[in-house]
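Engineer: Here's my sequence, what's the structure:
(one chain, ligands or ions: 1)
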Amino acid sequence: MMAGEGSAAKPRGGRLCTICNTRRAALKRPKTLEQVFFSFTCLFFFSHFLVIVNNHLFKRGERVAIGASGGKDSTVLAYVLSELNNRHDYGLDLFLLSVDEGITGYRDDSLETVKRNEIQYGLPLKVVSYKELYGWTMDEIVKLIGLKNNCTFCGVFRRQALDRGATLLKVDKLVTGHNADDIAETVLLNILRGDIARLSRCTSITTGEDGPIPRCKPFKEDLNILFTYAYFKKLDYFSTECIYSPNAYRGFAREFIKDLERIRPRAILDIIQSGEDFRISTFTKMPEQGNCERCGYISSQKWCKACVLLEGLNRGLPKMGIGRTRVLDNERDKDTRQTNGTKSIESKQCGTLDF
Ligand SMILES: Nc1ncnc2c1ncn2[C@@H]1O[C@H](COP(=O)(O)OP(=O)(O)OP(=O)(O)O)[C@@H](O)[C@H]1O
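Structural biologist: Numbers count the residues shown, from 1 in each chain. Predicted coordinates:
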């Protein structure tokens, strides 16, 4: 179906894409009588143009940070956003923002990819590291706590590190390359953890609009297509799994969803749909958003999860803040727990960044 995609030479035989006039057409517009043909890459590009327009994701003149892990999804995101910005004159100031977790043999290699992307796409890159923000690298944390619960530290620190990096860049928005698989896994994990607060927002294309920096996921409905796009466009990305995530809870959810998908290909989209249609009972008390007394970061607890975890590390009590034990809860937290049993800033035992 997609023969000839990505090749520079004009394909022999068959119609050419009406938009780019170089690649062989893969699809004919079904609902019109016009003879309009799209190549796969043009269709991909156009559909994301529509996602951005229909969801009003950006305003002219905004500064936007792209969470760049060096992986395929964020690389496609950086490429597509910079192309759309140039071709359609969105007037956005785009930046690459990477978090260096300090994982030797994994993040150092993927950061090299992001540094090449910086040159390839002409987007300025900002790197923030766990070492400079928290005083610890993941290598050091894993040395202390082993390979159980390490993803909790990494997930909590990374989410906050991205926000901190975005603040340093003074951006209006942060976009990430979360795809449909990531969102379906997150829906399932939030159900398994009984995390109603996150379940209610994890399927939204934009979150955190009431906070300092809203976050967008333009690929939230993309299933398996990003790999194909990266392949045809010959994008430069890094494709190794994190060396510290073999026991990640998210990995089990991922396997389960993949098994479901094999039996029923729509399973992933249906899980997302269920998350979108989910309604919270008016009797459910939701955690109130405040600020961490220690670092000022948004938190529904006295201390944010990152500060609790960091305190544990610094005091040689790394299990502090893991699982359901909340060592530093205040009276308000007790109230919330008794009323609804939810765990608003519960530990996140998984390998992917959760929004
Ligand atoms: N270290 C990081 N620095 C910056 N952004 C990150 C980092 N890790 C993850 N992200 C952002 O969160 C999104 C989802 O995270 P996930 O862990 O699924 O990424 P990945 O599998 O390493 O790579 P990708 O999603 O880019 O293929 C990424 O697409 C990226 O936008």
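
Engineer: in the stretch 1-150 of the chain, which spans are helices?
Structural biologist: For the stretch 1-150 of the chain, the helices defined by DSSP state H, counting those that start in this stretch occupy 40-54, 72-87, 107-121, 130-134, 138-145, 150-168.

Engineer: Of all the residues in the stretch 101-250 of the chain, which one is nearest the ligand?
Structural biologist: Using CB to the nearest ligand atom, Gly177 is the residue of the stretch 101-250 of the chain that sits closest to the ligand, at 2.7 Å. Where C-beta positions appear, they are placed from N, C-alpha and C, glycine not excepted.

Engineer: Could you give the number of residues near that residue?
Structural biologist: 25 (other CB atoms under 10 Å).

Engineer: Need the helices of the stretch 1-150 of the chain in CSV (columns: distance to the ligand).
Structural biologist: Output for the helices of the stretch 1-150 of the chain, formatted as CSV (distance: least, CB to the nearest ligand atom, whole Å):
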stretch, distance to the ligand
helix 40-54, 14
helix 72-87, 3
helix 107-121, 6
helix 130-134, 10
helix 138-145, 10
helix 150-168, 6
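
Engineer: Next one, pLDDT for the closest residue to the residue of the stretch 101-250 of the chain closest to the ligand other than its chain neighbours please.
Structural biologist: Closest residue to Gly177 apart from its sequence neighbours, by CB to CB, 6 or more residues apart in numbering: Asp73 at 3.2 Å. The model reports Asp73 with a pLDDT of 96.

Engineer: Would you agree Asp73 is in contact with Leu223?
Structural biologist: No. Contact criterion CB atoms under 8 Å: Asp73 and Leu223 do not qualify, at 11.9 Å.

Engineer: list residues touching both of these two?
Structural biologist: Residues touching both Asp73 and Leu223 by CB atoms under 8 Å, 6 or more residues apart in numbering: Asn179.

Engineer: Between the two, tell me which one has more neighbours.
Structural biologist: Between Asp73 and Leu223, Asp73 has the larger neighbour count (other CB under 10 Å), namely 23 against 16.

Engineer: residues in the stretch 151-300 of the chain within reach of the ligand, list them.
Structural biologist: For the stretch 151-300 of the chain, the residues in contact with the ligand (CB under 6 Å from any ligand atom) are 158, 162, 176-178, 182.

Engineer: and these, which two are the farthest apart?
Structural biologist: Leu162 and Asp182 (14.8 Å; CB to CB).

Engineer: host element of the residue of the stretch 101-250 of the chain closest to the ligand?
Structural biologist: Assigned by DSSP states H and E, Gly177 belongs to neither a helix nor a strand.

Engineer: Repeat that for the one 5 residues further on.
Structural biologist: Secondary structure from DSSP H and E places Asp182 in helix 180-193.

Engineer: what's that helix packed up against?
Structural biologist: Using 3 or more CB pairs under 8 Å, 6 or more residues apart in numbering; DSSP states H and E as the contact test, the elements touching helix 180-193 are helix 196-201, helix 249-263, helix 267-277.

Engineer: Okay, buried residues for it please.
Structural biologist: 180-191, 193 (16 or more other CB atoms under 10 Å).

Engineer: For these, point out the one with the lowest pLDDT.
Structural biologist: Arg193 (88).

Engineer: how close does it get to Asp181?
Structural biologist: From Arg193 over to Asp181 the distance is 18 Å, taken as CB to CB, to the nearest Å.

Engineer: what do you get for Leu111?
Structural biologist: To Asp181, Leu111 is 24 Å away according to CB to CB.

Engineer: Quick check: mean pLDDT of whatever helix or strand Tyr229 lives in?
Structural biologist: In this structure, Tyr229 sits in helix 225-232 according to DSSP H and E. Averaged across helix 225-232, the pLDDT comes to 89.

Engineer: Tell me which residues of it come out buried.
Structural biologist: So, applying 16+ other CB under 10 Å, buried residues of helix 225-232: 225-226, 229-230, 232.

Engineer: what's the answer for stretch 142-158, then?
Structural biologist: Going by neighbour count (16+ other CB under 10 Å), the buried part of stretch 142-158 is 142, 145, 149-158.

Engineer: Determine how far the last residue of it lies from the first.
Structural biologist: With CA to CA, to the nearest Å as the measure, stretch 142-158 spans 15 Å from end to end.

Engineer: Pull the distance from it to the chain's centre.
Structural biologist: 18 Å (CA atoms, centre = their mean, to the nearest Å).

Engineer: Over to stretch 222-238?
Structural biologist: The chain centre lies 16 Å from the centre of stretch 222-238; the measure is CA atoms, centre = their mean.

Engineer: Also stretch 99-110?
Structural biologist: 17 Å.

Engineer: Which residues does it contact?
Structural biologist: With CB under 8 Å, 6+ apart as the criterion, stretch 99-110 contacts 67, 69-71, 111, 127-131, 136-140, 154, 157-158, 161-162, 165, 238, 240, 242-244.

Engineer: Glu241 versus the nearest residue to Asn149 once chain neighbours are set aside, what's the distance?
Structural biologist: Nearest residue to Asn149, sequence neighbours excluded (CB to CB, 6+ apart): Ile322, at 5.1 Å. Distance, Ile322 to Glu241, by CB to CB: 23 Å.

Engineer: Neighbour count for the two, which is higher?
Structural biologist: Neighbours around Ile322 and Glu241, counted as other CB under 10 Å, are more numerous at Ile322. The numbers are 18 against 12.

Engineer: residue nearest the centroid of the protein?
Structural biologist: Most central in the chain under CA atoms, centre = their mean is His178, positioned 3.7 Å from the mean C-alpha point.

Engineer: residues touching the residue nearest to that residue when sequence neighbours are not counted, list them.
Structural biologist: Spatial nearest neighbour of His178, chain neighbours left out: Lys217 (4.3 Å); criterion: CB to CB, 6+ apart. Contact analysis of Lys217 by CB under 8 Å, 6+ apart lists 175-178, 183, 205-206, 355.
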